[in-house]
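> give me coordinates for this.
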Amino acid sequence: MEKSKVLIVGGTGYLGKRLVNASLGQGHETYVLHRAEIGVDIEKVQMLLSFKARGARLVAGSFSDHGSLVDAVKKVDVVICAISGVHIRSHHILLQLKLVDAIKEAGNIKRFLPSEFGTDPAQMEDAMEPGRVTFDDKMVVRKAIEEAGIPFTYVSANCFAGYFLGGLCQPGHILPSRDSVLLLGDGNQKAIYVDEDDIANYTIKTINDPRTLNKTLYLRPPANILSQREVVQIWEKLIGKELNKSSISKEDFLATMKGLDYAEQVGLTHYYHVCYQGCLTNFKIGDDGEEASVLYPEIKYTTVHEYLKRYV
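You can find the predicted model right below:
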């Protein structure tokens, strides 16, 4: 397998640290961008040092110093951005657009993977406010990438397992109850759940693959395309007990958003599209996309059943 020099931006974050591990694990020369002045965040420092001990190269750079970004980009062939999806619009867009500018100036990057990793924004033209801001932002970044002629791959990873499966698809829950569950609507809309380490492994697999150049990689592990009811049934079998079930209608769910802060409203809007409208599975992958488990059958992905066993 061809090896690359890979720069990961946001490498100490929730997904970023997994991308660093996957890149190292697949044998790539791995660089991790970090701020020169990191303050007193000892956990972040120790994580960076653990990456270094495994062979990663630490590169100082700042979004407020364009030259440092260009210098960092010039060291590598591939750039992966995993900065978190901050719900402050100008901030998240600004950082990614600065990175796009640096990549454009450097002129040496063979593949750029921007910070996507969720629902495909190209499928969300009719998304509700305020949650649509996330999709609109990603499309602004995509436009900048494509206008700059930067080779890209977009990764649509659907639902992070930790956030969705841990809470049995209930917003605001990350541990599964042994007593009760609230079904969103009838609980029968299909969604797609992917283990975060699998997301990272699929992502790194794609960086040198000509089949994914200038395309979207969709992560749709077949065994993990399930409804909320099916997820709950798997959990019930694991604990040998049936949960008490109630449900919340679409109208009542939307009403709960009123009065919440902006970030919470954005998050709940995403749950609405996934769990009430089935936005992850209501379209077919077109010519501009590929499916990860088809391209990379050698990755033995974690099934929902295997994922939920850790909570028993």
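
> quick one: the helices in the stretch 201-312 of the chain?
228-239, 250-256, 262-275, 292-295, 304-309 (DSSP state H, counting those that start in this stretch).

> of all those, which one is nearest Ala161?
With respect to Ala161, and counting by C-beta to C-beta, the nearest of the helices of the stretch 201-312 of the chain is helix 304-309 at 5.1 Å. In short, each C-beta sits where N, CA and C put it, glycine included.

> and that closest one, what's buried?
Using 16 or more other C-beta atoms under 10 Å as the test for burial, helix 304-309 gives Val304, Tyr307, Leu308.

> ok, now which ones touch the second one?
Neighbour list for Tyr307: Ala161, Leu165, Tyr193, Asp195 [criterion: C-beta atoms under 8 Å, 6 or more residues apart in numbering].

> do Glu146 as well
Here Glu146 is in contact with Phe152 (criterion: C-beta under 8 Å, 6+ apart).

> quick one: average confidence on the strand or helix carrying it?
According to DSSP states H and E, Glu146 maps onto helix 132-147. Across helix 132-147, pLDDT averages out at 94.

> same for whatever helix or strand comes next after it, what does it pack against?
Using DSSP H and E, the helix or strand that follows helix 132-147 towards the C-terminus is strand 153-156. In terms of contacts (3 or more C-beta pairs under 8 Å, 6 or more residues apart in numbering; DSSP states H and E), strand 153-156 is packed against strand 111-113, helix 196-205, strand 215-218.

> show me what contacts the closest residue to Ile204 other than its chain neighbours?
Using C-beta to C-beta, 6 or more residues apart in numbering and skipping the chain neighbours, the partner closest in space to Ile204 is Ala22 (4.4 Å). Contact analysis of Ala22 by C-beta under 8 Å, 6+ apart lists Asp197, Ala200, Asn201, Thr203, Ile204.

> and which of the residues you listed is nearest Cys275?
Out of these, the member with the shortest distance to Cys275 (by C-beta to C-beta) is Asp197, at 24.0 Å.

> surely that closest one touches Lys17?
No. Using C-beta atoms under 8 Å, Asp197 makes no contact with Lys17, being 10.2 Å away.

> quick one: which of these two has more around it?
Ranked by neighbour count (other C-beta atoms under 10 Å), Asp197 and Lys17 place Lys17 first, with 22 against 17.

> buried ones in the helix or strand that contains the more buried one?
Lys17 is part of helix 16-25 when elements are defined by DSSP H and E. Neighbour counts over helix 16-25 (16+ other C-beta under 10 Å) mark Gly16, Lys17, Arg18, Leu19, Val20, Asn21, Ala22, Ser23, Leu24 as buried.

> now Gly278. Nearest residue, chain neighbours left out?
In space, Gly278 is closest to Gln189, 4.0 Å off (C-beta to C-beta, 6+ apart).

> the bottom helix or strand of this protein by mean pLDDT?
helix 89-106 (a mean of 88; mean pLDDT, DSSP states H and E).
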